[in-house]
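[1] Sequence plus the predicted model coming up.
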Amino acid sequence: MIKKFIRRVLRLGSTPGPAAPVVIPVKKHGIRREALSNAARRTCDGLHQAGFQAYVVGGAVRDLLLGLKPKDYDVATDAHPEQVHRVFRRSRLIGRRFKLVHVMFGDETVEVSTFRAPGGSEHAVDEHGRVLRDNVFGTREEDAERRDFTLNALYYDPHTESVLDFQNGLADMRKKLVRIIGNPNERYREDPVRMLRAVRFAAKTGFAIEARTKAPIRALAELIGNVPPARLFDEMLKLLLSGHAREAIQQLRREGLHHGLLPMLDVILEQPMGERFVSLALEQTDLRVSQEKSVSPAFLFATLLWHEVLSGAKTLQDKGERPMAALNIAMDEVLARQTDKIAIPRRYTAVMKEIWACQPRYEQRSGRRPFALLASERFRAGYDFLVLRAASGEVDAELAQWWERFQETDEDGRAAILVAPTTGERKPRRRRRRKSGAATAEGSSGANEDAGGVAGGTQ
């Protein structure tokens, strides 16, 4: 508190403070408090009743103004994290670099942050200027000044139903621009993830990245390598599940931000088959998001890295490695390189490997193998992956069609459409029935007795 007081005193008479916001009444913007989620309303109401300020901020306000349904809600307040935690019984403190509170109502979680002050000597930074800790609290106006983009510096007050615009965000939204607040070089160095966020916002809204905001991105792209892998994964997941993943990936390439994020992605997208495969996967993901259907992150990352796995497996086979062994080695090598950059959780990488590993099994359509594959836990995900491969021209469409028929028919019908083993294909070995210990000890007479007993039973 003393540091905060001194900082404010030193500012007096030197530089002007943050400008007061433009207040837009509900009759002009049209957002009623009922448009918020129940959890967002209850969070703001709880803080207000406890004597604190509380505003819905950031992407939720932006989306509501654009006529979109927010996926989640963030709330900003003058209450410190520990005070927020005391107000709500079902809440938890999270974060070290940026301390937050997650307030839970049923299945919905609202992220609550305390008003922050702009960057200064109080912030710990690394040698590149990236902020390592950002828990210097400030005023509402200072909080708006330190936000990343003007379209995210909009505050909605559920009690007055007014929107507070601190950085001309509404004007930029009318111009369809994504504009950073402050000096772009400094803001990107403070947090390189802001470059990815600029791309995500532009892809999601259809806006252009404002020229001054865009100018330093290519030169500073290498700073992405300084971001912790776990945080990069979270940001990439938001980008890929934004409903505009295809456009976002293309924009990453245009801005030079793809290197190091998804290894070999640029090479893949320059190959006709690879580009078709990835484009189809992203189109289907965007469609499912638009239809509010679930999307599997493991499946999505499996599609993005598949051609790198294929390339690695082929190289190993050319050196004499057996096909399945080559595939397994390539999978491990690709994931090792990838998780060094983006920390894909193990619960996803395990599923990715299962999807990749079962692809050769879809080519085996004789004997009991198809039945065993059909009964496996990852059959459906693997089959959907196969359909994508067929649609992109990577495998014959007839293969995917055969598996579609195999699923839809009954047991007898499945046996009828099995494919005869090809020349050189190893037939599955039949299990030999082991004799019981009693039969082994008693010899042939015991066996005869068992047979007679069965015959007698049938008579």
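    Ah, there it is.
[2] contact partners of stretch 325-341?
    Applying Cβ atoms under 8 Å, 6 or more residues apart in numbering, the external contacts of stretch 325-341 come out as 225, 229, 232, 260-263, 305, 308-317, 321, 344, 349, 352-353, 356-357, 360. C-beta coordinates here come from the backbone N, C-alpha and C atoms, glycine included.
[3] do stretch 216-228 as well
    126, 128, 130, 184-185, 188-189, 192-193, 195-196, 198, 209, 232, 255-257, 259-261, 341, 343.
[4] Out of the residues you listed, which sit inside helices?
    184-185, 188-189, 193, 195-196, 198, 232, 341 (DSSP state H).
[5] Who wins on neighbours among these?
    Neighbour tally across the ones in helices among the contacts of stretch 216-228 (other Cβ atoms under 10 Å): the maximum, 28 neighbours, falls on Met195.
[6] Grab the nearest non-local neighbour of that residue.
    The shortest distance from Met195 to any non-neighbouring residue, by Cβ to Cβ, 6 or more residues apart in numbering, is to Ile217 (5.1 Å).
[7] what does the model give that neighbour for pLDDT?
    If you check Ile217, the pLDDT there is 95.
[8] Kindly report the same for Met264.
    pLDDT, Met264: 59.
[9] Next, the closest residue to Arg389 other than its chain neighbours: secondary structure please.
    Spatial nearest neighbour of Arg389, chain neighbours left out: Val395 (4.9 Å); criterion: Cβ to Cβ, 6+ apart. Following DSSP: H, G, I helix; E, B strand; the rest coil, Val395 is assigned to coil.
[10] before we move on, back to that, closest one to Ala372 out of the ones in helices among the contacts of stretch 216-228, please.
    Checking the ones in helices among the contacts of stretch 216-228 against Ala372 by Cβ to Cβ gives Lys341 as the nearest, at 36.0 Å.
[11] Helices of the stretch 151-300 of the chain, start to end?
    Ranges of helices in the stretch 151-300 of the chain, per DSSP state H, counting those that start in this stretch, are 169-174, 184-190, 193-205, 211-214, 217-220, 229-240, 245-254, 265-270, 272-290, 297-318.
[12] Any chance of the ones you listed in CSV with distance to Ala390 as columns?
    Conversion of those to CSV gives the following (distance: least, Cβ to Cβ, whole Å):
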stretch, distance to Ala390
helix 169-174, 42
helix 184-190, 42
helix 193-205, 28
helix 211-214, 39
helix 217-220, 37
helix 229-240, 23
helix 245-254, 20
helix 265-270, 18
helix 272-290, 10
helix 297-318, 13
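[13] Of all those helices, which one is nearest Ser91?
    Ranking the helices of the stretch 151-300 of the chain by distance to Ser91, with Cβ to Cβ as the measure, places helix 229-240 first at 20.5 Å.
[14] which among the contacts of stretch 325-341 end up buried?
    Among those, those classed as buried by neighbour count (16 or more other Cβ atoms under 10 Å) are 232, 260-263, 305, 308-313, 316, 321, 344, 349, 352-353, 356.
[15] follow-up on the earlier one: I'd say the residue nearest to Arg389 and Val387 touch.
    No: counting by Cβ atoms under 8 Å, Val395 stays clear of Val387, with 9.7 Å between them.
[16] Give me the pLDDT for Ala153.
    pLDDT, Ala153: 93.
[17] my guess is it contacts Arg146, does it?
    No: Ala153 is beyond contact range of Arg146, at 9.2 Å (criterion: Cβ under 8 Å).
[18] anything in contact with each of those two?
    Counting by Cβ under 8 Å, 6+ apart, the residues touching both Ala153 and Arg146 are Ile181.
[19] and these two? which has more neighbours close in?
    Ala153 (25 against 21).
[20] if I pick the more buried one, what's in contact with it?
    144-145, 147, 165-167, 169, 181.
[21] The same query, at a cut-off of 6 Å, please.
    144, 147, 166-167, 169 (Cβ atoms under 6 Å, 6 or more residues apart in numbering).
[22] for the stretch 1-150 of the chain, what spans make up the strands?
    22-24, 54-57, 74-77, 91-94, 100-105, 108-114, 124-125, 131-133 (DSSP state E, counting those that start in this stretch).
[23] Same list (the ones you listed) but as JSON lines, adding distance to Phe277.
    Below are these laid out as JSON lines (distance: least, Cβ to Cβ, whole Å):
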{"stretch": "strand 22-24", "distance to Phe277": "46"}
{"stretch": "strand 54-57", "distance to Phe277": "39"}
{"stretch": "strand 74-77", "distance to Phe277": "36"}
{"stretch": "strand 91-94", "distance to Phe277": "37"}
{"stretch": "strand 100-105", "distance to Phe277": "37"}
{"stretch": "strand 108-114", "distance to Phe277": "35"}
{"stretch": "strand 124-125", "distance to Phe277": "41"}
{"stretch": "strand 131-133", "distance to Phe277": "38"}
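[24] Tell me which of the ones you listed lies nearest to Leu237.
    Using Cβ to Cβ, these put strand 108-114 closest to Leu237, at 15.8 Å.
[25] what is the orientation angle of the closest one with strand 100-105?
    150 degrees (axes from the mean of the first three to the mean of the last three Cα atoms, to 10 degrees).
[26] Okay, now the sheet partners of strand 108-114, with direction.
    strand 74-77 (parallel), strand 100-105 (antiparallel) (DSSP bridges).
[27] Would you check that Ile180 makes contact with Tyr188?
    No: at 8.0 Å, Ile180 does not count as touching Tyr188 under the criterion of Cβ atoms under 6 Å.
[28] could you list every residue that touches Pro344?
    One correction, residue 344 is Ile, not Pro. Phe233.
[29] burial count for Ser392?
    Neighbours of Ser392 (other Cβ under 10 Å): 20.
[30] now the one 4 residues further on
    When neighbours are counted by other Cβ under 10 Å, Asp396 registers 12.
[31] what's the spacing between it and Glu404?
    Per Cβ to Cβ, to the nearest Å, Asp396 is found 13 Å from Glu404.
[32] Then Val84?
    Val84 is 52 Å from Glu404, by Cβ to Cβ.
[33] Give me the more crowded residue out of the two.
    Val84 (26 against 13).
[34] What residues are bridge-paired with the residue lying closest to the more buried one once chain neighbours are set aside?
    Of all residues not flanking Val84 in the chain, Val101 sits nearest, at 4.3 Å (Cβ to Cβ, 6+ apart). Counting by DSSP bridges, Val101 is bridged to Leu93, Val112.
[35] so what's Val101 up against?
    By Cβ under 6 Å, 6+ apart, the neighbours of Val101 are 81, 84-85, 91, 93, 112.
[36] And the closest residue in space to Arg147 that isn't next to it in sequence, how far from Val193?
    Among residues not flanking Arg147 along the chain, Ala153 sits closest, at 4.5 Å (Cβ to Cβ, 6+ apart). As judged by Cβ to Cβ, Ala153 and Val193 stand 17 Å apart.
[37] Understood, closing this out.
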